[in-house]
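[1] how does the following fold in three dimensions:
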Amino acid sequence: MKKILVVQPLRPEALRLFDQRSDVSYEIVTDFSRENLLKRVSDVDAITVRDAPLPVDVLQAAPNLKIVSRHGVGYDNIPIDHCTSRGIPVTVVGDVNAISVAEQTMFLMLAAAKSGVQLDAAVRKGDFAARSRLIGIELRGRTLLVVGFGRIGREVAKRSASFGMNIIVYDPYAKRTEADGASFVDHLEDGLAAADVVSLHIPLSDATRNLIDADALRQIKRGSIIINTARGGIIDENALADALAEGQVRAAGLDTFATEPLPVTDRLASEERVILSPHNAALTEESLIAMGVMTARNALAGLDGNLDPALVVNRSVLEASVDAK
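    This next block holds a predicted model:
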């Protein structure tokens, strides 16, 4: 019997895939403290996890571990180097949440362009005269820079084009044949200089940490909008707060933050021109079901030895496994 530790619950549709297997048992853990996980991993063959941290010592206490299946597309809560050193694949769910994140991106973009949060607050306080003070802008004719042209970036570009926006893309790794009417720039600086709106759709890594820093913010058009539904840490948040205060940035829509939860004392939390959401862009009913099912499928595929390489973060472990045969 193979055992799966489900760190943070999955949807019933996902758990049914485990229930259908007579050779699999699973335990759902809602207390994902390091101490509790250490008590429960000694005999597990697979771990599924949402956003809870998986410390190295927890994984070291799981000698039989064969697969870590992440419920999502980011994996900064998992020690990838440790998993790779042990030949343990780490999987993500692929593009099943792309529509949900793209729609949240558009929500934040529109709210930023139309001063949505400020106008809502004004009406609730009886300040109907705000309609003459807080004047929005149209997206039509504006230039959107999409940073990262994976499935989510392409879905955002498609929706933005329907608003009449001009789409430019910065992504050194994307195939330009997939442009769908967008124009590529070779250098981020060129895209920033042309952009009225910047939308981020890249993973957090050493190369992308603080990619949008004070220097980058000085390069964008004055009065631009910044949207981040990717990962906290890609934007230097202090630099963004400064740019907002100086008027260099008109507004921002942020779903992810360098520190989560975002402290209520943070400068961005008190800035009315920033639309905030609690890292929930992917959390729609449809997306949660799809992510849960894919998470379960990946866990089972890891146990069965038939993983989809496209969903494996550390693909070198698959190559090493083939070479060892």
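[2] the chain: helices as residue ranges?
    Remark: helices assigned in the chain by DSSP state H are 12-19, 34-40, 56-60, 80-85, 98-113, 116-124, 130-133, 151-162, 188-194, 214-219, 237-246, 285-304, 316-324.
[3] now do residue 322, the pLDDT please.
    Among the per-residue scores, residue 322 holds a pLDDT of 51.
[4] still on that earlier bit, of the helices of the chain, which is nearest residue 206?
    helix 80-85 (12.2 Å; CB to CB). Just so you know, the C-beta spots here come from the backbone N, C-alpha and C atoms, and that holds for glycine as well.
[5] which elements pack onto that closest one?
    helix 56-60, helix 316-324 (3 or more CB pairs under 8 Å, 6 or more residues apart in numbering; DSSP states H and E).
[6] beta partners for residue 145?
    Going by DSSP bridges, residue 145 is paired in beta bridges with residue 168, residue 198.
[7] identify the residues contacting it.
    By CB atoms under 8 Å, 6 or more residues apart in numbering, the residues touching residue 145 are 168, 169, 170, 185, 191, 192, 194, 195, 197, 198, 199.
[8] equivalent analysis for residue 188, please.
    Neighbours of residue 188 in contact, by CB under 8 Å, 6+ apart: 147, 170, 211, 216.
[9] which of these lies closest to residue 280?
    Distance to residue 280, by CB to CB, is smallest for residue 147 among those, at 21.1 Å.
[10] burial measure for that closest one, as a count.
    When neighbours are counted by other CB atoms under 10 Å, residue 147 registers 25.
[11] kindly report the same for residue 162.
    Other residues near residue 162 come to 10 when the count uses other CB under 10 Å.
[12] so that it lines up with my notes, have the first residue be 34 from now on.
    Okay, residue one is now 34; in that scheme the one you just asked about reads as residue 195.
[13] check the gap between it and residue 177 for me.
    With distances taken as CB to CB, to the nearest Å, residue 195 is found 12 Å from residue 177.
[14] return the residue of this structure that is most distant from the centre.
    Using CA atoms, centre = their mean, the residue of the chain lying farthest from its centre is residue 162. It sits 37.6 Å away.
[15] give me phi/psi at residue 182?
    Backbone geometry at residue 182, expressed as degrees, to the nearest 10, gives phi -120, psi 50.
[16] surely it meets residue 190?
    Yes: using CB atoms under 8 Å, residue 182 makes contact with residue 190 at a distance of 7.4 Å.
[17] overlap in contacts, the two.
    Common contacts of residue 182 and residue 190 (CB under 8 Å, 6+ apart): 202, 215.
[18] quick check: the residue positioned nearest the centre of the chain vs residue 128, distance?
    Centroid check for the chain by CA atoms, centre = their mean gives residue 263 as the closest residue, at 3.7 Å. Relative to residue 128, residue 263 is positioned 14 Å away (CB to CB).
[19] TSV for the helices of the chain, including distance to residue 83?
    Below are the helices of the chain laid out as TSV (distance: least, CB to CB, whole Å):
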stretch	distance to residue 83
helix 45-52	11
helix 67-73	13
helix 89-93	15
helix 113-118	17
helix 131-146	15
helix 149-157	28
helix 163-166	39
helix 184-195	18
helix 221-227	31
helix 247-252	31
helix 270-279	24
helix 318-337	8
helix 349-357	22
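[20] looking at those, which is closest to residue 210?
    Across the helices of the chain, residue 210 has its closest neighbour in helix 184-195 (12.1 Å, CB to CB).
[21] state the mean pLDDT of that closest one.
    Per-residue scores along helix 184-195 average to 96.
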